[in-house]
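J.: What follows is a predicted structure for the sequence shown.
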Amino acid sequence: MGANLEITNKLQNYINNFGLKLHPVQQEIIDYNNTLGDIKRMQVDLSQCHFLRLIIKISNIKNVLEIGTFTGLSTLSISLALPDDGKLIALDKNEETNKVASSFFKKANQDHKIKTVIKPALESLDDLKNNKFDMIFIDADKMNYKEYYERSLKIINKGGLIIIDNVLWHGEVADEDNLDKYTVNIREFNSHVSNDNRVEQIIVPLGDGMTVCRVL
């Protein structure tokens, strides 16, 4: 039986060399985030950007909701994969990072697809209760993950995808002795989704772990 590889920096560079090529503005966002210090950890992994792109294209997704935008790398990656008439609503409460993200969207000529909403996501989700989406990507404050997930189920199309980032939480979820509140919360969230008969789901070990749910 095969075993999962440990992805070293050398191997990751090899994978990148043979994988999809970045849009120049995607690279600009990565370069910008590298100047931000520790907060750059909020950026999604490059492998996750490529995964989202592939999922969108093979699933013919047109309407997407993103919960958590930061400086816009995942947002731009999603938008670039959408057809020209696709739409993406991106939720984030941070006005400063939103300005940065919006400037990148405009530079990449993707601002016609992207609508940003600056307010707490739970409030925005209430405002969107009459909308329907083909895919929802959750990558925001971890303590509200269960609430984001439950509200997402109300506005996702049947057969749609809910994708959640950071579900492996630096590998700490597997350490039962780790009782940090964030670790415990993610662990409980993973159990909730695993036992939810409204979806079929898998955890994909890309970046910090992504759960992909298909709504039944």
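T.: All right, it came through fine. Numbers count the residues shown, from 1 in each chain.

J.: going forward, measure contacts and count neighbours with C-alpha atoms only.
T.: Fine.

J.: what separates residue 162 from residue 40, distance-wise?
T.: Distance of residue 162 to residue 40, computed by CA to CA, to the nearest Å: 24 Å.

J.: Looking at these two, which one has more neighbours?
T.: residue 162 (25 against 15; other CA atoms under 10 Å).

J.: can I get the CA coordinates of the helix or strand harbouring the more buried one in CSV?
T.: Per DSSP states H and E, residue 162 falls inside strand 156-165. Output of strand 156-165 as CSV, limited to C-alpha atoms (Å, rounded to 0.1, in the frame of the first residue of the first chain):
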residue,chain,number,x,y,z
ILE,A,156,-26.0,26.4,-1.5
ASN,A,157,-27.6,24.7,-4.5
LYS,A,158,-28.2,21.0,-4.4
GLY,A,159,-25.1,19.2,-5.6
GLY,A,160,-23.1,22.4,-4.7
LEU,A,161,-19.8,22.4,-2.9
ILE,A,162,-18.9,23.8,0.5
ILE,A,163,-15.1,23.9,0.9
ILE,A,164,-13.5,24.8,4.3
ASP,A,165,-9.9,25.7,4.9
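
J.: What residues sit buried inside whichever helix or strand comes after that strand?
T.: Following strand 156-165 in sequence order, the next helix or strand is helix 181-194 (DSSP H and E). Across helix 181-194, burial judged by 16 or more other CA atoms under 10 Å covers 182-187, 189-190, 193-194.
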